[in-house]
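J.: Sequence and predicted model, in that order:
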Amino acid sequence: MPFAVKIIIIVLGSYLIGNINFAIVISKFKRGDIRKSGSGNPGTMNVVRAYGKIIGALCLILDAFKAAVPAFFSWWLLTGTPYDVSDKLGLYVSGLATVVGHIYPVFMKFKGGKGIACILGVLLLAQPIVTLITFAVGLLFITFVKIGAMGSFIMIFTPSIYELIMLGGSNVAVSVLVFIIVALALFAHRSNIARLFTGRENRTVFFPKKNKEKTKN
């Protein structure tokens, strides 16, 4: 199969898979619409706010797998060898296409989520240990500081930077793809960044305090 044909298959297939938004799917099962709850964003953080951390974790896992599965097979398709760490072009071409599909889904009038879970799925393939460690750090940050956007940035920036360092300029195309993926996430979070600077960012509370005071009748 010609290289160009493989790239076209990867881009189109991954983009269409990215259009599947599990936050919306889950909210439909809950007989609601996540786009009409909380921040209105169809993503993991808003699912946590609307339905709790367990349902939010399910959404995160599903969106991460949504990106990881096509990325793995695309990686394999281009290299001909499963998990060939010497050439990650297929991995990141698929990853970028899935993230674009998630953020700008054609079937939802180009209004989707912000791509963090998808990016995590791709980075888990590329740098599993670093990604798992920074994911844990990001979760701790969100738990104690309660700023979901900042925690999300911690989760994706560190493994992305580490990947760029490990590449060391040896593969310019892959380095550019990694940079674009992170830049897309930042652009998708532009409203969150603006609210962070003005102190109006929505809080993400994993463990809300129970009100022990008795309700007065």
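T.: Perfect, thanks for sending it.
J.: Could you use CA atoms for every contact and neighbour count after this?
T.: Will do.
J.: Please tell me the pLDDT value assigned to Tyr209.
T.: In this structure residue 209 is Lys, not Tyr. If you check Lys209, the pLDDT there is 67.
J.: no no, Thr215
T.: Thr215 carries a pLDDT score of 37 in this model.
J.: Find the helix or strand that Ile20 is a member of.
T.: Counting by DSSP states H and E, no helix or strand carries Ile20.
J.: does it really touch His102, like I thought?
T.: Yes: Ile20 sits in contact with His102 when judged by C-alpha atoms under 8 Å, with a separation of 7.2 Å.
J.: Mind checking which of these two has more residues around it?
T.: Neighbour count, other C-alpha atoms under 10 Å: between Ile20 and His102, His102 has more, with 34 against 20.
J.: And the helices in the protein?
T.: For the chain, applying DSSP state H gives helices covering 3-18, 22-29, 44-51, 53-79, 89-103, 116-126, 128-145, 148-167, 172-188, 190-198.
J.: For Thr204, which of those helices is the nearest?
T.: For Thr204, the closest of the helices of the chain is helix 148-167, at 5.6 Å, according to C-alpha to C-alpha.
J.: any idea of the mean pLDDT in the closest one?
T.: On average, helix 148-167 scores 94.
J.: any idea how far it is from the chain center?
T.: For helix 148-167, the separation from the chain centroid amounts to 12 Å (computed by C-alpha atoms, centre = their mean, to the nearest Å).
J.: Buried ones in stretch 145-152, by neighbour count?
T.: Residues of stretch 145-152 classed as buried by neighbour count (16 or more other C-alpha atoms under 10 Å): 146-152.
J.: Farthest pair within these?
T.: Using C-alpha to C-alpha, the two most remote members of these are Lys146 and Ser152, lying 11.2 Å apart.
J.: list the contacts for Ser37?
T.: Neighbouring residues of Ser37 by C-alpha atoms under 8 Å, 6 or more residues apart in numbering: 46, 50.
J.: distance of it from Phe72?
T.: 33 Å (C-alpha to C-alpha, to the nearest Å).
J.: same thing with Cys59?
T.: Using C-alpha to C-alpha, Cys59 is found at 20 Å from Phe72.
J.: what about the two, which has more around it?
T.: Shown here are Cys59 and Phe72; by other C-alpha under 10 Å, Cys59 has more neighbours (24 against 21).
J.: Could you give the number of residues near Ala71?
T.: Neighbour number of Ala71 under other C-alpha under 10 Å is 29.
J.: That one touches Val99, doesn't it?
T.: No: counting by C-alpha under 8 Å, Ala71 sits too far from Val99 to count as a contact (10.9 Å).
J.: First-to-last residue distance for stretch 163-178?
T.: Span of stretch 163-178 from end to end, C-alpha to C-alpha: 8 Å.
J.: next one: it to chain centre, how far?
T.: On C-alpha atoms, centre = their mean, the centre of stretch 163-178 falls 20 Å from the chain's centre.
J.: List the contacts of it.
T.: Contacts with stretch 163-178, where a contact means C-alpha under 8 Å, 6+ apart, come from 88-89, 92-93, 96, 126-127, 160.
J.: if you set the cut-off to 10 Å instead, what comes out?
T.: Stretch 163-178 has contacts (C-alpha atoms under 10 Å, 6 or more residues apart in numbering) with 86-93, 95-96, 119, 123, 126-127, 130, 157-162, 179-180, 183.
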